[in-house]
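**Student:** Need a 3D model of the sequence below.
(2 chains)
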Amino acid sequence: MAYLIKGAHVVDPQVGLDDVRDVLVEDKSIVEVAECIDAPDAEVIDGAGKYLVPGLVDMHVHFRDPGFEYKETIASGSRAAAHGGFTDVATMPNTDPVTDTGAEIRYQIDTARRAGLVHVRPMGALTRGEKGESLAEIGDMVMEGASAFSDDGHGVQSAGMMKTCMAYVSQFDRVVCAHCEVESLSKNGVINSGNAATRLGMFGWPPLGEELEIWRDIELCRSTGCALHICHISTAKGLEMVRAAKAEGLPVTCEVTPHHLFLCDEDIDDTYNTNLKMNPPLRKRSDMEALVEGILDGSIDCLVTDHAPHAAHEKDCEWEIAFFGTIGLETSLPLMLTNLVSTGKMSWNRLVEVMAINPRNLLRCKPVKIEAGSQADLTLIDPKREIDVTKEYFVGKSKNSAFLGSHLTGVATDVLMAGKRTLTDGVVA
Amino acid sequence: MLSVRHLIDTPSLTADDITQILDTAKSFDPIVNGRTIKKVPALRGRTIVNLFLEPSTRTLKSFELAEKRLSADSISMGGATSSVVKGESLADTIQTIDAMKVDMFVVRARLAGTPQKITENTDAIVINGGDGKHQHPTQAMLDLYTIREHFGHLDGLKVAIVGDLAHSRVCGSLAPALKTMGADVTLVAPPTFQVGDPAWFGCTQTNHLDDVIEDMDVVYMLRVQLERMEGAAIPSRREYNRLYGLSLEREARMKPNAIICHPGPMNRGMEIDAEVADCARSRILDQVNAGVLTRMAEMYLLLGGEE
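**Tutor:** Model (predicted):
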């Protein structure tokens, strides 16, 4: 199958491209990029007024498969990913059983191939069962295709165990993705500490619980040489520590979610909207503003969604017993376009860095460039198309979005994944 | 008429709302405290469900008596007898009761925000009888009534709230209500019991009871909630009593006209010494009496507005 994407504004800083081009795709690859291509046998995708970028990557999602298929499956999560404009996702290992062996990695990759909508790049657990007690079979998982390692959902509580994990991973050219949470400080916390906790009468989850472990893991990075990636950073001070580590030249990177960029604890009012219950929690306005600054100035390397599907009954209940998390795959790009790109704060080049180039590098995947010979993982974006974020908008299995009710402008309309059209004018294949 | 449809929290109440509640409660005083037949037909035919999802004795009995004295039909159900313990969701429980057509829910819950969630699942009016560590507005109203009875006013009074503020819905509702009425509030507690953001209440904060006790018109001792202490925030009952307990010695330093309140149940010998609990300044049993009057007023004002 051949596709000719005609007249789109192509943005790819990897090849210095920021101009209108035609792009011809044959089979799984890009075969030509030029100002005007004539290819009578190819199906034409009209790119006029749209932007074409390397396929978007979300390196932090929960597809709940195996174990919690009532929330999401690899197949349903893949649909949500394609709908949001993604060609690649990295799935977190807190499944049931925990993804801590090569066989579990293989299961996810094979299942995703059958679904055929997105490249699933599973992460493996650092420790067996994510219990923080003993090393998981990390080498076995690398050999089956694990993209990175994380005990996401928990911090590894023992500094000694985390040091062992990072030292062991350092032999494999893989990144350790750290969910930073000192549980003796966050214990029982369900909302940011301070005003929100006081106002709504619940235990606080303090910034210190996150920052202390970021500091610890940066020191372990220095000691072991293992590349460290801080998951879903949420505080200004945590970001300062990452900045300082980068300035020193340490292999430290970090990610942020749209909900930590565009929401804060002031958005939680006495209606106790449980779709705003996150881990880490929505922080203060000043933290939110610092994170926006960080993703603009390069301190934050990538945007992730922490896509966390939950069934309706797990959210339609009292805040303290509601599950943590929001879905994100289908609103991530529209939120960035609406809040940062269309307002002129973020360039298209920077958007492509944080949503495609950097996460792909961190997952140690082969770069996708808009040039002849590259794999045809491509996302076509209409910056003017408007969406209403309603439950009906979502094609994934769960609807627990923190952004329900929003009106957003700019969305992916077409996606090619290894040359296969997974999204056609906003409709998943 | 109150400016709110439900009584969920005190920050939503205006000074006029609070004054209406206290004045209406005062009008019930001769009925409850003066007559042999302590009953009026104000809420005859109205149905009230007391949904107590957390154990409570005094608040539940106070509501039940207030309902009887207003001639309402009421039933009480607790966590142990309701389907909540069988794993039914709150929404299902409320919709089930709602289908039987009731006019009001009085709810006590372990989890913050439960009364608000209930309003989303019923057309009935909801009174919050205490939700987790969040709010206990009917306690605040009975406290204000008691204090106003003694001083004749609330504005300008200096009130110290002393104790386990971090776990306290009493503090969370009393402090804002006092501020609304023009009183000055000082929060006294060890750092490990202080609220996360005292500025939210507009209160001053200290760790030293001895520094402030001589200036206070009201010393409000909170129960140290032993059942809620997760992790040791204080080393021992003995040390707490020595640093923060209201002893006879401290009581002797209070202003001549100052009073002592406590929401109960008391830990005698911990936050308050036995002799102090029973001394002339103590308004603890007056608070209990005011509880029935103010709860009658709240139910009357919230239900009386609709026909």
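**Student:** ok, the one helix or strand residue B:144 maps to near chain A or not?
**Tutor:** Taking DSSP states H and E as the criterion, residue B:144 maps to helix B:137-151. No - taking Cβ under 8 Å from any Cβ of the partner chain as the criterion, helix B:137-151 and chain A are apart, separated by no less than 12.0 Å. In short, each C-beta sits where N, CA and C put it, glycine included.
**Student:** Okay, now the unreliable bits of the stretch 201-307 of chain B?
**Tutor:** For the stretch 201-307 of chain B, the stretches flagged by pLDDT under 70 are B:227-231, B:305-307.
**Student:** That one: strands as residue ranges?
**Tutor:** Remark: strands of the stretch 201-307 of chain B, listed N- to C-terminal, are B:204-206, B:218-221, B:259-261; assignment by DSSP state E, counting those that start in this stretch.
**Student:** Identify, out of those, the most deeply packed stretch.
**Tutor:** With neighbours taken as mean count of other Cβ atoms under 10 Å in any protein chain shown, the strands of the stretch 201-307 of chain B reach their highest mean count in strand B:218-221, at a mean of 27.
**Student:** what number of residues lie near the residue of the stretch 101-250 of chain A found nearest chain B?
**Tutor:** Taking Cβ to the nearest Cβ as the measure, the point where the stretch 101-250 of chain A comes nearest chain B is residue A:201, at 2.7 Å. Residue A:201 has 27 neighbouring residues, counting by other Cβ atoms under 10 Å in any protein chain shown.
**Student:** Give me the nearest residue to it, chain neighbours excluded.
**Tutor:** Once flanking residues are discounted, residue A:201 sits nearest to residue B:134: 2.7 Å by Cβ to Cβ, 6 or more residues apart in numbering or on different chains.
**Student:** What residues of stretch B:87-97 count as buried?
**Tutor:** B:89-91, B:93-94, B:97 (16 or more other Cβ atoms under 10 Å in any protein chain shown).
**Student:** Can you pick out the ones from those residues that are in helices?
**Tutor:** Among the buried residues of stretch B:87-97, the ones falling in helices (DSSP state H) are B:90-91, B:93-94, B:97.
**Student:** so residue A:68 touches residue A:97, yeah?
**Tutor:** No - in this structure residue A:68 lies outside contact range of residue A:97 using Cβ atoms under 8 Å: 11.5 Å.
**Student:** which one of these two has more residues nearby?
**Tutor:** A direct count of neighbours by other Cβ under 10 Å for residue A:68 and residue A:97 places residue A:68 higher, at 18 against 13.
**Student:** of the ones in helices among the buried residues of stretch B:87-97, list those near chain A.
**Tutor:** B:90-91.
**Student:** still on that earlier bit, out of the strands of the stretch 201-307 of chain B, which comes closest to chain A?
**Tutor:** Among the strands of the stretch 201-307 of chain B, if distance is taken as Cβ to the nearest Cβ, the winner is strand B:204-206, at 11.9 Å.
**Student:** Take the strands of the stretch 201-307 of chain B and lay them out in CSV including distance to residue A:218.
**Tutor:** Formatted as CSV, these follow (distance: least, Cβ to Cβ, whole Å):
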stretch, distance to residue A:218
strand B:204-206, 34
strand B:218-221, 46
strand B:259-261, 51
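**Student:** Can you verify my assumption that residue B:22 contacts residue B:145?
**Tutor:** Yes - judged on Cβ under 8 Å, residue B:22 makes contact with residue B:145 at a distance of 5.2 Å.
**Student:** of those two, who's got more company?
**Tutor:** Using other Cβ under 10 Å, the more surrounded residue of residue B:22 and residue B:145 is residue B:145, with 25 against 22.
**Student:** The more buried one and chain A: what is the separation?
**Tutor:** 23 Å (Cβ to the nearest Cβ, to the nearest Å).
**Student:** isn't that residue right up against residue B:23?
**Tutor:** No - proximity of residue B:145 to residue B:23 does not meet the contact threshold set by Cβ under 8 Å, at 9.8 Å.
**Student:** what does the domain assignment say about the chain?
**Tutor:** Using chain A. Residue ranges of the domains in chain A are recorded as A:2-52+A:372-382+A:409-428, A:53-362, according to automatic domain parsing.
**Student:** other chain: chain B
**Tutor:** Described in terms of automatic domain parsing, the domain architecture of chain B consists of the residue ranges B:15-136+B:288-304, B:138-283.
**Student:** Ok, which of those comes nearest residue A:400?
**Tutor:** domain B:15-136+B:288-304 (15.3 Å; Cβ to Cβ).
**Student:** End to end on the closest one, go ahead and measure it.
**Tutor:** Distances were taken as Cα to Cα, to the nearest Å; on that basis the terminal residues of domain B:15-136+B:288-304 are 20 Å apart.
**Student:** show me what contacts the residue in the stretch 301-429 of chain A that chain B sits nearest to?
**Tutor:** Closest residue of the stretch 301-429 of chain A to chain B, Cβ to the nearest Cβ: residue A:318 (3.8 Å). Listed by Cβ atoms under 8 Å, 6 or more residues apart in numbering or on different chains, the contact partners of residue A:318 are A:272, B:90, B:109, B:111-114, B:117.
**Student:** hmm, back to that, for the residue of the stretch 101-250 of chain A closest to chain B, give me phi and psi.
**Tutor:** Dihedral angles phi and psi of residue A:201 (degrees, to the nearest 10) take the values phi 70, psi 50.
**Student:** Does it touch residue B:169 like I think?
**Tutor:** Yes - with the criterion set as Cβ under 8 Å, residue A:201 and residue B:169 qualify as a contacting pair; they are 6.0 Å apart.
**Student:** intersection of neighbour lists for those two?
**Tutor:** Shared contacts of residue A:201 and residue B:169 (Cβ under 8 Å, 6+ apart): B:131-135.
**Student:** Of the residues you listed, which belong to strands?
**Tutor:** Here DSSP state E is the test, and these give residue B:131 as lying in strands.
**Student:** so which of the shared contacts of residue A:201 and residue B:169 would you say is closest to chain A?
**Tutor:** Set against chain A, the nearest of the shared contacts of residue A:201 and residue B:169 by Cβ to the nearest Cβ is residue B:134 (2.7 Å).
**Student:** And the closest one, its phi and psi?
**Tutor:** phi -90, psi -80.
**Student:** what do you get for residue A:230?
**Tutor:** Reported as degrees, to the nearest 10, the phi and psi values for residue A:230 are phi -90, psi 120.
**Student:** Can you list the residue ranges for helices in chain B?
**Tutor:** Secondary structure of chain B, counting by DSSP H: helices at B:15-34, B:58-69, B:90-98, B:114-119, B:137-151, B:169-180, B:198-201, B:209-212, B:237-244, B:248-252, B:274-277, B:284-304.
**Student:** and the fifth one, what other elements does it pack with?
**Tutor:** Counting contacts by 3 or more Cβ pairs under 8 Å, 6 or more residues apart in numbering or on different chains; DSSP states H and E, helix B:137-151 is packed against helix B:15-34, helix B:58-69, strand B:125-131, helix B:169-180, strand B:259-261, helix B:284-304.
**Student:** Save those as CSV, and put in distance to chain A too.
**Tutor:** Supplementary listing: those in CSV, determined by distance: least, Cβ to the nearest Cβ, whole Å:
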stretch, distance to chain A
helix B:15-34, 16
helix B:58-69, 16
strand B:125-131, 7
helix B:169-180, 5
strand B:259-261, 21
helix B:284-304, 18
